[in-house]
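**Student:** no sequence on this one, just coordinates:
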DNA sequence: TCAACCCTATCTATTGATAGGCAGACACAG
DNA sequence: CTGTGTCTGCCTATCAATAGATAGGGTTGA
C-alpha cells in the first residue's frame, strides 16, 4: 500500500509531467507542492527514473481499469476506448501522459522509456484485438490508426481547440470504423 | 541571408530538439556540435527562445515549401500532405518538430509556444481548405482528424513500429477520406 | 576603421543526488 | 509499566554538474 505522501507525490508529478514533460519536473518543485523538502522526495523515489516509472505505471493501470469498467458496463469497445481517452483528457484538462512522454522518449531514462513504450503498445494491442473480434479486416492498421488519431487529438486539444478538437477527431475515428464495418459486410 | 554558422546551428538545434524536446537542447551541446564555445552560440541567438522560434519557423517554411512543390507537381492535395509528413519523418528518421514541441507547449517560452501553435493551426487550415475544395462535408473535422492522425502516426513511428507504423496510419487516413468522398457523391 | 565572429572568464540559478541526524510510532523484553 | 531497539518519514547541509546568460577582449577580412 502506498503512503499518503507517496500518492500525493505521484499526483503532483503526474500533473507537472503532463504539463511540461519529464524534464520540466524537478524534485524541488514537487517538494514545494507538498510542503516538504527535496531530500524527502528522494526518500520516496531515490532516482528520478523511479518516479517516472511509477507515474507511468500508475497512469497505465488507472487507464486500463477505467477502460475495463466501461466495457463491463456494456459500451462497445471502440467507443469505450475513445471515452476512456476523453476522460483522461478532461479529468484534469491535461493531455495524455504517454503522448507527452512518447514525444520525448529519446530523452528519457531507459526504464521510463520502456514503461511508456509498453503503455502505447498495450493500447494498440487492445484495439487490435477489439477490431479483430468485430471482424474488421486489417485490424492492426486500424488499431494503429485509432491510437494515433486519438493521441494526435490530444495534441490538437492542447494546442488548438481544446476538448472540442478532440471530439471532432473522435467522431471521424468512429466514422472510419463504421465505414470499415460496412465494407466487411 | 543566414551565415553558415547560423544555419549549421539551426541544423544541430533541430536535430536535438526533435530527439529530446526543447529542454534537452543546451547551448553548450550545440557549441560542442559545431566545435565552438557556448558564448558564441549566444552571439547568433541571444536567448534560447530566439533559437527555438528560429528553428520552428525554418521548419515550417521548409515543410510548406515542400508541400507546395508536391501540389504544383500535380499530386492530389491530401496525398501531397501525407507525403510531406512522411518526408519530414523519413528525412532524418526523426518525428515532427511540432509534434514534439506541441507536447511540451506548456513548458515553452511564450514566443516559441506561439510559433508552434501557428504551425499546427496552419496545417489544419491548409487541410480544411483542401477538403473544402474537394467538396467533402465537415471539412474542419476531417482536417483535424487528418492532422491529428498523422501527428499521432509520428508518435507511433517513434515509439513502436517505425516508418511502417506511419504508413499503416496514413493508409487508413486515405481510406477515411475516400469514404467521405463516396458519401459526398 | 569597423563590423562580423569567436574567444576567455565568470555569474547566478537550478538540477539530481547523498550523508547524516532527529523525532515520533510501535513492538517487545524485562 | 518501562526501557530498548527499530522503522518511518522528514530534516539540514552540502555536492558536483549543468543551465542560460553577460562583459569584455582578440582576430580577421572588407
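**Tutor:** Cool, got the structure. This is a predicted model, so every value here is computed, not measured.

**Student:** Residue A:150: neighbour count?
**Tutor:** 27 (other Cβ atoms under 10 Å in any protein chain shown). Bear in mind the C-beta positions are built from the backbone N, C-alpha and C, glycine included.

**Student:** That one is in contact with residue A:167, isn't it?
**Tutor:** No: counting by Cβ atoms under 8 Å, residue A:150 sits too far from residue A:167 to count as a contact (11.2 Å).

**Student:** Overlap in contacts, the two.
**Tutor:** Common contact partners of residue A:150 and residue A:167 (Cβ atoms under 8 Å, 6 or more residues apart in numbering or on different chains): none.

**Student:** Now do the same contact list for the spatially closest residue to residue A:150 that is not a sequence neighbour.
**Tutor:** With sequence-adjacent residues excluded and distances taken as Cβ to Cβ, 6 or more residues apart in numbering or on different chains, residue A:150 is closest to residue A:85, at 4.8 Å. Going by Cβ under 8 Å, 6+ apart, residue A:85 touches A:96, A:150, A:153, A:154, A:166, A:170.

**Student:** same thing with residue A:104?
**Tutor:** A:21, A:22, A:23, B:20, B:21, B:24, B:100, B:103, B:104.

**Student:** Among those, which are located in helices?
**Tutor:** Residues of these located in helices (DSSP state H): B:20, B:100, B:103.

**Student:** What distance do you get for the last one to DNA strand D?
**Tutor:** Meaning residue B:103. Distance from residue B:103 to DNA strand D, counting by Cβ to the nearest atom of the strand, to the nearest Å: 18 Å.

**Student:** Spit out the contact partners of residue A:40.
**Tutor:** Counted by Cβ under 8 Å, 6+ apart, residue A:40 has contacts residue A:31.

**Student:** can you check residue A:142 too?
**Tutor:** Per Cβ under 8 Å, 6+ apart, neighbours of residue A:142: A:127, A:128, A:131, A:136, A:176, A:177, A:180, B:172.

**Student:** hmm, whichever helix or strand residue A:111 is part of in reach of DNA strand C?
**Tutor:** Applying DSSP states H and E as the criterion places residue A:111 in helix A:110-133. No: with Cβ under 7 Å from any atom of the strand as the criterion, DNA strand C is not reached by helix A:110-133; the gap is at least 11.2 Å.

**Student:** Quick check: what element follows that helix along the chain?
**Tutor:** Heading C-terminal from helix A:110-133 (DSSP H and E), you reach helix A:139-159.

**Student:** And the next helix or strand after that next one, how far out from the chain middle?
**Tutor:** Downstream of helix A:139-159, the next assigned helix or strand under DSSP H and E is helix A:163-184. From the chain centre to the centre of helix A:163-184 is a distance of 20 Å (Cα atoms, centre = their mean, to the nearest Å).

**Student:** Cool, thanks, talk later.
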